[in-house]
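Engineer: sequence plus predicted model, see below.
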Amino acid sequence: MYAHPQSRAGSTLAKHRLTMPTTSVSRVIKAPQGAIWNVLSDIEHADRWNKAWTSIRFTSGQTHGTGTTFRATMGDEGDAFDFEICDWVAPERIAFCPIRAPEELYSITLDSHVFEVRPLTEGDSEVTITARASAHGVKGRFVAMFFWSCHQRDGLNSALDAIQSAFEPGFVPERPDSEHITTIEE
């Protein structure tokens, strides 16, 4: 399905991983599944719906499908992060996984953002975005329990706002919208 760091019982990683925080947001967007898929799968222009990415440059020879890699530049300082498309099931699901060196371990580390598009009617689709992370050590568990989910939910909702506004002229985001927000912490 999508890439996850593998851990075996007894490994150093398994000893320090305490939790797998997962946060999802979802909402109905007035657009057919294929139209939403076309926006999400257009990686070169993903900065239209991911406002944190100011530019995108492909780092692999391919531009679509599982295995595509790209560098997203973020913010005014120009911080850049590498990603791989780790799942691609057109027109249903696409997942972005950060590419990190094996020694790059943080208290909490994003594993993937998964976008799922499910048709409801001919003109409406449900879009769900799920963020999955790995928490390491006591500090990671603390951050995961009290801060990470809320921070991720804000970013995921911003992405949904941008996607929705592309299809619904005059759309104005409302906060909080608890009936459309689902949080799962494992």
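Structural biologist: Sure, I can see it.

Engineer: tell me where the model's unsure across this protein.
Structural biologist: Under the criterion pLDDT under 70, the flagged ranges of the chain are 1-19, 175-186.

Engineer: can you show me the helices along it?
Structural biologist: 12-16, 33-40, 137-143, 149-167 (DSSP state H).

Engineer: looking at the ones you listed, which is nearest to residue 108?
Structural biologist: helix 137-143 (4.7 Å; CB to CB). In short, each C-beta sits where N, CA and C put it, glycine included.

Engineer: for residue 32, phi and psi?
Structural biologist: phi -70, psi 150 (degrees, to the nearest 10).

Engineer: what does residue 171 give?
Structural biologist: Per degrees, to the nearest 10, the backbone of residue 171 is at phi -60, psi 130.

Engineer: could I get the contacting residues of it?
Structural biologist: Residue 171 sits next to 161, 164, 165 when contact means CB atoms under 8 Å, 6 or more residues apart in numbering.

Engineer: who wins for neighbours among the residues you listed?
Structural biologist: residue 164 (20 neighbours; other CB atoms under 10 Å).

Engineer: one step back: which of the contacts of residue 171 sits closest to residue 27?
Structural biologist: Out of the contacts of residue 171, the member with the shortest distance to residue 27 (by CB to CB) is residue 164, at 7.0 Å.

Engineer: related to what we said a few turns ago, turn the contacts of residue 171 into a markdown table, including distance to residue 83.
Structural biologist: Formatted as a markdown table, the contacts of residue 171 follow (distance: CB to CB, whole Å):
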| residue | distance to residue 83 |
| --- | --- |
| 161 | 21 |
| 164 | 23 |
| 165 | 23 |
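
Engineer: distance of the spatially most central residue of the chain from residue 76?
Structural biologist: By CA atoms, centre = their mean, the chain has its centre lying nearest to residue 113, at 2.2 Å. Taking CB to CB, to the nearest Å as the measure, residue 113 falls 22 Å from residue 76.

Engineer: one step back: and of the helices of the chain, who's closest to residue 88?
Structural biologist: Once the helices of the chain are compared by CB to CB, helix 33-40 is nearest, at 10.3 Å.

Engineer: remind me what the closest one packs against, helices and strands.
Structural biologist: Counting contacts by 3 or more CB pairs under 8 Å, 6 or more residues apart in numbering; DSSP states H and E, helix 33-40 packs against strand 108-119, strand 125-136, helix 149-167.

Engineer: between it and strand 125-136, how big is the angle?
Structural biologist: 40 degrees (axes from the mean of the first three to the mean of the last three CA atoms, to 10 degrees).
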